[in-house]
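Asks: build me a structure from this.
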Amino acid sequence: MQDNSSDICRALRNWRIRARLQQAAVAECLGVTQSQVSRWESGRDVPRPHNIDAIRRLMWGPEAEPLQALKHFVAHSRQNLLLIDMHHAIVARSLPLRTSPNPLERFGWVLDPERNAAFAPAWNRFVAILEQPAGVVGLTIALPFRQDGEDWCLTLDMTVSSLAGLRVCLAEPRFSPCAAPGEIRFEEVRIAADETEHHTLTLWRQGVLEA
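Replies: Prediction:
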């Protein structure tokens, strides 16, 4: 199964920006031209398989192999799964989320903090957890919204952990009709080495989001 090339290109762009590198420097490391990197990042071209391997090695180094194993699991799963890397990029999607139509095509705007300002506080908290150097954290976000005159709720279950020194997040988005929309809920469970758990709950009270 081939990787989603657009996802790896977004991951490259996010990694490059966070590393404060110019496209020319990345191009030199990958053995391509700066214009080629620009075309990849803008979506005007897709990398070939050997380019994808080089991009992985550049971003993830020797830890790429265990990450590939988890990506393979996600890519072949029939659940609605996403794998998110430490640069906040989706690096693998499960089979149902790569077929068309799929729930993210219809409701993806809800998970975009730039298009959906109400999601931004939860997103910022998630990013802060993902950037922490260690620890296992279970997260559940419940986000009510309205689309085409119908009430819905997004439930996003996530587990953030470290894999061979890399921070990754395994996420399962679910969209379901909602009869009585409530507040935005952000539940966090920190799992210690002795398997004890520390629970916190944050609520954001605001109007129902509408597309």
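Asks: in this protein, where is pLDDT below threshold?
Replies: Low-confidence segments of the chain, defined by pLDDT under 70: 1-4, 62-66, 164, 181, 193-194, 205-211.
Asks: strands along the chain, start to end?
Replies: Along the chain, the segments classed as strands by DSSP state E run 82-84, 90-93, 136-147, 150-163, 166-177, 184-191, 197-204, 209-210.
Asks: list the helices and strands whichever helix in the chain runs longest packs on?
Replies: Scanning the chain for the longest helix, with DSSP state H as the assignment, gives helix 5-19. Under the contact definition 3 or more CB pairs under 8 Å, 6 or more residues apart in numbering; DSSP states H and E, helix 5-19 sits against helix 23-30, helix 34-42, helix 49-60, strand 90-93. (C-beta placed from N, C-alpha, C; glycine too.)
Asks: excluding its backbone neighbours, what's nearest residue 172?
Replies: Excluding the flanking residues, the one nearest residue 172 by CB to CB, 6 or more residues apart in numbering is residue 157, at 4.7 Å.
Asks: how about residue 43: what's its closest non-neighbour residue?
Replies: Excluding its sequence neighbours, the residue lying closest to residue 43 (CB to CB, 6+ apart) is residue 6, at 6.3 Å.
Asks: cool, and residue 14?
Replies: Residue 14 sits nearest to residue 87 (CB to CB, 6+ apart), 4.2 Å away.
Asks: number of nearby residues for the one you found?
Replies: Counted with other CB atoms under 10 Å, the neighbours of residue 87 add up to 21.
Asks: and this structure, what are its domains?
Replies: 5-97, 103-210 (automatic domain parsing).
Asks: mean neighbour count, the ones you listed: which tops it?
Replies: domain 5-97 (a mean of 17; mean count of other CB atoms under 10 Å).
Asks: can you tell me the distance between the two ends of it?
Replies: This stretch, domain 5-97, spans 14 Å end to end (CA to CA, to the nearest Å).
Asks: if we can go back for a sec, verify the stated contact: the residue nearest to residue 43 with residue 42.
Replies: No - using CB atoms under 8 Å as the test, residue 6 is too far from residue 42 to be in contact (10.7 Å).
Asks: quick check: phi and psi on residue 46?
Replies: Here is the backbone geometry of residue 46 (degrees, to the nearest 10): phi -120, psi 140.
Asks: nope, residue 81 is what I meant
Replies: Here is the backbone geometry of residue 81 (degrees, to the nearest 10): phi -120, psi 150.
Asks: that one: what's it in contact with?
Replies: By CB atoms under 8 Å, 6 or more residues apart in numbering, residue 81 lies in contact with 74, 92-94, 97, 170-172.
Asks: list just the nearest of those to residue 56.
Replies: residue 92 (11.8 Å; CB to CB).
Asks: so what's the closest one bridging to?
Replies: residue 83 (DSSP bridges).
Asks: and the residue nearest to residue 14, what does it touch?
Replies: Residue 87 touches 11, 14-15, 18, 59, counting by CB under 8 Å, 6+ apart.
Asks: ok, 7 Å please
Replies: Residue 87 makes contact with 11, 14-15, 18 under the criterion CB atoms under 7 Å, 6 or more residues apart in numbering.
Asks: from residue 195, how far off is it?
Replies: Distance from residue 87 to residue 195, counting by CB to CB, to the nearest Å: 29 Å.
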